[in-house]
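Predicted model and sequence below, questions to follow.
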Amino acid sequence: MQGLDLGGEDELVHAIKLVATEYYRRTGKPLGATGEIAELTAASLLGLELCEARQAGFDAWDYSSGKPERVQIKGRAVDRAKPYSGRCSSIRHPQSYDTAILVLLDRETMEPLEIFTALAGEVEAFLDIPGSKSRNERRSMGIAQFRSIGRKVWPN
């Protein structure tokens, strides 16, 4: 989405965060907006350019290195007291992204806690380690596992 300007805290994003947190507070279930909030957060904080919706394999472009890199963004709303428990959503489409980003959002506010990044080769190598149906078939890993192969990029 060229020209997406979040200009600080966009009113629509703020409203979605409020609805999502209230929905979780009342039902104990996520609303389903975590991925979108994570994408907007990553774009705003890391200077990424979001792609059109339904782009297979990646969500944004990163031009910071001078060479365009395809970025797959994953988001997870977590308990602030235990931010590294839980799993990332599936990381699919090998060969169609260069970097994966995990945005951890505070479940109570949907505000960012930390952002991690990992190279596609590292992610795919980890997901291909034999022995786990979750990892091998569902292409999913735990938040702690993503942290172990990646590096924290926000806050610095």
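On my side now, so go ahead.

Toward the C-terminus, what is the element adjacent to the helix or strand that contains A144?
A144 belongs to helix 143-149 when assigned by DSSP states H and E. Note on helix 143-149: by DSSP H and E, the next helix or strand toward the C-terminus is strand 151-154.

How far off centre is that following strand?
Remark: strand 151-154 is offset 12 Å from the chain centroid, using Cα atoms, centre = their mean, to the nearest Å.

Could you list every helix and strand in contact with it?
Contacts defined by 3 or more Cβ pairs under 8 Å, 6 or more residues apart in numbering; DSSP states H and E place strand 151-154 against helix 34-46, strand 112-119. For glycine as for every other residue, the C-beta is placed from the backbone atoms N, C-alpha and C.

Throw these into a markdown table and include mean neighbour count and distance to R80, thanks.
Below are these laid out as a markdown table (neighbours: other Cβ atoms under 10 Å; distance: least, Cβ to Cβ, whole Å):
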| stretch | mean neighbour count | distance to R80 |
| --- | --- | --- |
| helix 34-46 | 21 | 15 |
| strand 112-119 | 19 | 7 |
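
As CSV, the ones you listed with distance to A20 would be great.
What follows is the helices and strands packed on strand 151-154, written out as CSV (distance: least, Cβ to Cβ, whole Å):
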stretch, distance to A20
helix 34-46, 7
strand 112-119, 14
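
Quick one: closest of these to Y23.
helix 34-46 (11.2 Å; Cβ to Cβ).

Next, the angle from whichever strand in the chain runs longest to strand 112-119.
Determined from DSSP state E, the single longest strand within the chain is strand 69-78. Angle, strand 69-78 to strand 112-119, by axes from the mean of the first three to the mean of the last three Cα atoms, to 10 degrees: 140 degrees.

Numbering from 54 from now on, please.
Will do, 54 is the new start, and the previous item becomes strand 122-131.
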